[in-house]
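Visitor: let's see this in three dimensions:
(chains A and B)
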Amino acid sequence: MARNGKLSTDPYKGVRDFYPKEQALQQHLFSIMRQVAQSAGYEEYSASLLEPAELYRAKGSENEEIATQQTYTFLDRGDREVTLRPEMTPTVARMVAARRRDLSFPLRWYSIPNVFRYERPQRGRVREHWQLNIDLFGSEHIAADAEIILLAHTLMRAFGATENDFEIRISSRGFLNGLITQHSLSEESTKKLHGLLDRHGKVSSQEEEASLKEIGISPQEFVASVAPKDVVELLTTLKELGCSNARFEPYIVRGFDYYTGLVFEVYDTHPDNNRSLFGGGRYDNLMELFGEETMPAVGFGMGDVTIRDFLEVRSLTPSYTSPIKVYLAVTGEDMVTEAMKIASRLRAQGISAAVDLGDKKLGEQIKSADKKGIPHLIVIGRNEIDSGMVAIRTLATGEEEKIALTSLPSFLKSF
RNA sequence: GCGACCGUGGUGUAACGGUUAACACCGCAGAUUGUGGUCCUGCUGAUCCGGGUUCAAUUCCCGGCGGUCGCCCCA
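Guide: Modelled structure (predicted):
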């Protein structure tokens, strides 16, 4: 709130400040993402958040709204149209297309970029979020699809979720496109169909049936539809690989027009949060944008906001621990320097230590160390320096142990 | 872009249209010039902005801005 001409301390609409505790959680999420991606042989890449606006206009008749209304797009000082990337896939496709001859395939890449959408903020949706992007380029084999979905599964497990906490719903654009050609649907009807499927579960089944009939498709084709061949094969493979909470779901569409084959979404099974957490699919034609031949690709994106909600509902977020292992409270003249010497020696031994700068009373120093979540504390004063003995206290319990200054590092390492 | 609900200290809440806007937490200071998390004392600090109705507005009305939730769309 801006008041009396003072600047507001609120962050810009729809974006978040990450105070140390939130940042620690953020880094926790990222480190699990990195660990899973790297252990499967994926290499990390990165790029600027600025892209030329035309990158998002090129294709996607269906996605005009995203390109024109839901991006941050502006003119730079040289009258170039610039967009803050709303997603990473066009960027990575651009990068791969640019170095196509130099890269060896199959290519496994991942990144954790921040992406921007100019939208109305609401639960689970903000204007800037971080999104793990995992992509596998250069393979048409169904094993590639299986690998990507398995990675999504592994990630969820790595976050601490059980197979009962989530469900992987798979469909295929091939299946959908088959229906569309079979009924020779117009572009308008196709769009309607996509919208209808996407809203499945949000409208009553009567309404849905009526709308389907209007388009010219009988509801039975969905309800009784058997999984298409590619999906069946995929599900079988996944099961063999230890992923047994995936199933065919004809209603999965995914918003982006560039998907060409399989599409999938990971759903939260919690009754109060029955929503799509993230998803992805196969996009084999995106390279055409850059005048390249088609390049098979499959991948997914996982946003930090929805995964945070998922973890918080299930208390799967770790508690915060201070990066400081031992705090040095000081009392008396010239003791700050003495404490800093001790801290330096501790750091050289790989023990993180911070010194109170002595502006406050000793009691206050201890209180603030505890509030910061620092596990251990020692007081440095004349007595300690002269005797070479300190009392090391574990703040959570209040227990103290007297030890020689010289054996402090080995003592702390034992924790 | 559309709709519903809501805007009171840093946070969470209170106040029939009527004195000095209350309480709790947090913060700061003290009780104690070398020892925290319990208790005690004191202090700082708020009615989103602009109009209107009224003797009188935190309270009622209108507009703006902001927030939350939904729709659209989507991650």
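Visitor: A:V266: neighbouring residues, count only.
Guide: Residues near A:V266, counting by other C-beta atoms under 10 Å, number 26. Yep, even glycine has a C-beta here, placed from its N, CA and C like the rest.
Visitor: distance check, it against RNA strand B.
Guide: Separation of A:V266 from RNA strand B (C-beta to the nearest atom of the strand, to the nearest Å): 9 Å.
Visitor: count the neighbours of the closest residue to A:A369 other than its chain neighbours for me.
Guide: Spatially, and ignoring its direct neighbours in sequence, A:A369 is nearest to A:Y327 (4.1 Å; C-beta to C-beta, 6 or more residues apart in numbering). Using other C-beta under 10 Å, A:Y327 is surrounded by 26 other residues.
Visitor: which residues touch A:Y327?
Guide: A:353-356, A:365, A:369, A:372, A:374, A:376-378 (C-beta atoms under 8 Å, 6 or more residues apart in numbering).
Visitor: generate a PyMOL selection restricted to the buried subset of those residues.
Guide: A single PyMOL command selects the buried members of the contacts of A:Y327 (16 or more other C-beta atoms under 10 Å):
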select buried, chain A and resi 353+354+355+356+365+369+374+376+377+378
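Visitor: which two from the contacts of A:Y327 end up farthest apart in space?
Guide: A:K372 and A:I378 (15.2 Å; C-beta to C-beta).
Visitor: just to revisit the earlier point, phi, psi for the residue nearest to A:A369 please.
Guide: phi -110, psi 140 (degrees, to the nearest 10).
Visitor: where in the stretch 101-250 of chain A is pLDDT low?
Guide: Per-residue confidence for the stretch 101-250 of chain A (pLDDT under 70) gives these ranges: A:187, A:191, A:198-205, A:219-225.
Visitor: quick check: pLDDT value at A:A404.
Guide: pLDDT recorded at A:A404 is 94.
Visitor: for it, grab phi and psi.
Guide: Dihedral angles (degrees, to the nearest 10) for A:A404: phi -70, psi 140.
Visitor: these two touch, right, it and A:S387?
Guide: No: contact criterion C-beta atoms under 8 Å: A:A404 and A:S387 do not qualify, at 9.0 Å.
Visitor: returning to that earlier point: where does the residue nearest to A:A369 land on pLDDT?
Guide: For A:Y327, pLDDT reads 94.
Visitor: specify the beta-bridge partners of it.
Guide: A:A354, A:L377 (DSSP bridges).
Visitor: what does A:V263 give?
Guide: A:S171, A:G281.
Visitor: residues touching it, list them.
Guide: A:170-173, A:252-254, A:279-282.
Visitor: so which of those residues also contact RNA strand B?
Guide: On the criterion C-beta under 7 Å from any atom of the strand, A:254, A:279 are the entries of the contacts of A:V263 that sit beside RNA strand B.
Visitor: would you list the contacts of A:V263 in a markdown table and tack on neighbour count?
Guide: Shown next, in a markdown table, are the contacts of A:V263 (neighbours: other C-beta atoms under 10 Å):
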| residue | neighbour count |
| --- | --- |
| A:I170 | 25 |
| A:S171 | 24 |
| A:S172 | 26 |
| A:R173 | 21 |
| A:I252 | 25 |
| A:V253 | 22 |
| A:R254 | 21 |
| A:G279 | 23 |
| A:G280 | 27 |
| A:G281 | 27 |
| A:R282 | 26 |
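Visitor: if you count neighbours, what's buried in the strand or helix carrying A:L155?
Guide: Per DSSP states H and E, A:L155 falls inside helix A:142-158. Neighbour-count burial for helix A:142-158, counted by 16+ other C-beta under 10 Å, picks out A:142-157.
Visitor: who are the packing partners of it?
Guide: Using 3 or more C-beta pairs under 8 Å, 6 or more residues apart in numbering; DSSP states H and E, the elements in contact with helix A:142-158 are helix A:20-39, strand A:128-137, strand A:166-172, helix A:229-240, strand A:262-268, strand A:276-282, strand A:297-303.
Visitor: okay, now A:E22: neighbour count?
Guide: For A:E22, using other C-beta under 10 Å, the count is 13.
Visitor: residues in contact with the closest residue to it other than its chain neighbours?
Guide: Distances taken as C-beta to C-beta, 6+ apart put A:R16 closest to A:E22, at 7.6 Å, once the chain neighbours are dropped. Contacts for A:R16 (C-beta under 8 Å, 6+ apart) come out as A:22, A:126, A:128.
Visitor: what residues does the closest residue to the last one other than its chain neighbours make contact with?
Guide: With sequence-adjacent residues excluded and distances taken as C-beta to C-beta, 6+ apart, A:E128 is closest to A:V15, at 4.5 Å. For A:V15, the contact set (C-beta under 8 Å, 6+ apart) comprises A:126-128.
Visitor: again, but for A:G124
Guide: Per C-beta under 8 Å, 6+ apart, neighbours of A:G124: A:275, A:305-306, A:309.
Visitor: what are the phi and psi values at the spatially closest residue to A:N273 that is not a sequence neighbour?
Guide: Among residues not flanking A:N273 along the chain, A:V313 sits closest, at 5.8 Å (C-beta to C-beta, 6+ apart). Dihedral pair for A:V313: phi -60, psi -30, per degrees, to the nearest 10.
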